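Quick one, structure for this:
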Amino acid sequence: MASIAGTDMTSNAEAPPVVGSARGSRGTLIALSAVALILAVVPYVIDERFGYHIAIMVCFAAIGASSLHLIIRTGHVSLCHSAFVGVGAYASANAVMKLNLPFVVGLLAGTLASASLALVIGPIILRLTGKYFVLITFLLSVFLSLARRRQELAMLGDAAAVHRSVLAEYSLPLLDQLISSTTAATLVAYMIYSVSPDVTEKLGTHSFHLTVPIVVFGMFRYVYLIHRRGEGDDPARLLVTDRPLRFSVLAWIVADVLLLYA
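Sure, this is the predicted structure:
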């Protein structure tokens, strides 16, 4: 009896305080709510461009710090934080400028758009080690930047160097070769990723390679739009306006969901 009582007393003495952690979580929630309220009120209080610029820079710094904290805590290296920022910014800007919605509603629309994207690709990304997505996102970003530079050079022609001096160092044949090489490298990286034992183990499926034809079609369609239609300067617009490209993205998402949850 004494030993049991002593054990109980020892276990009770070593039990972690629950009240303190609950208070800490409540304080964090209150602080975050206060920051969100301030950010929502600032556009209606400050009526100067400099104030807007400072507020935007503070928000970008907070996003960068949160992204770095996520990488440090989880050890999951990722380059897609800027993609979530871009999706949120694009949705928010369109909601305010094209739909004439209030700023607060636009802010919520951007948050919802980024959260929806994370909900779709999160189950895939969070089950993988970072090296695969670092490689693929890096190559894809290089591909898109080269396509944009090619379109810029093709549109400006001889005046390209006047517009930006760095464009004088490029030529259309050089950019075409770089785009071809980057396209091949991106597809090869995705193929290796889709059949990697590490990926199949963590995703719980051996059929992820079935998404390769969809990715190949999407990449080739983008290359076709670059060379045959002179597009490629605005990937977001192409994703919205080009039906085959939009179909390939939706097909990839649907295939991933079916392979993971069906």
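
Could you find the closest non-adjacent residue to residue 210?
residue 255 (6.7 Å; C-beta to C-beta, 6 or more residues apart in numbering). All C-beta atoms are positioned from the backbone trio N, CA, C, and that covers glycine.

helices and strands around the host helix or strand of that neighbour, which ones?
Here residue 255 sits within helix 243-261, counting by DSSP states H and E. When contacts are defined as 3 or more C-beta pairs under 8 Å, 6 or more residues apart in numbering; DSSP states H and E, helix 243-261 packs onto helix 103-125, helix 212-228, helix 235-241.

who touches the longest one?
If you take C-beta atoms under 8 Å, 6 or more residues apart in numbering as the criterion, helix 103-125 is touched by 39-40, 43-44, 76, 78, 80, 83-85, 87-93, 95-96, 101, 133, 203, 253, 256-257, 260.

That one - what's its average pLDDT?
The average pLDDT within helix 103-125 is 79.

packing partners for the helix or strand that it is followed by?
Toward the C-terminus, helix 103-125 is succeeded by helix 130-156 as the next helix or strand (DSSP H and E). Packing partners of helix 130-156 (3+ C-beta pairs under 8 Å, 6+ apart): helix 160-163, helix 172-195, helix 212-228, helix 235-241.

make it 10 Å
helix 81-97, helix 103-125, helix 160-163, helix 172-195, helix 197-203, helix 212-228, helix 235-241 (3 or more C-beta pairs under 10 Å, 6 or more residues apart in numbering; DSSP states H and E).

Can you spell out the domain ranges of this structure, please?
If you go by automatic domain parsing, the domain ranges for the chain are 45-126, 131-261.

rank these by pLDDT, which is bottom?
Among the domains of the chain, domain 45-126 carries the lowest mean pLDDT (a mean of 77).

re earlier: which of the domains of the chain sits most buried?
domain 131-261 (a mean of 15; mean count of other C-beta atoms under 10 Å).

Would you mind measuring from the residue nearest in space to the middle of the chain to residue 132?
By C-alpha atoms, centre = their mean, the chain has its centre lying nearest to residue 83, at 2.8 Å. As judged by C-beta to C-beta, to the nearest Å, residue 83 and residue 132 stand 16 Å apart.
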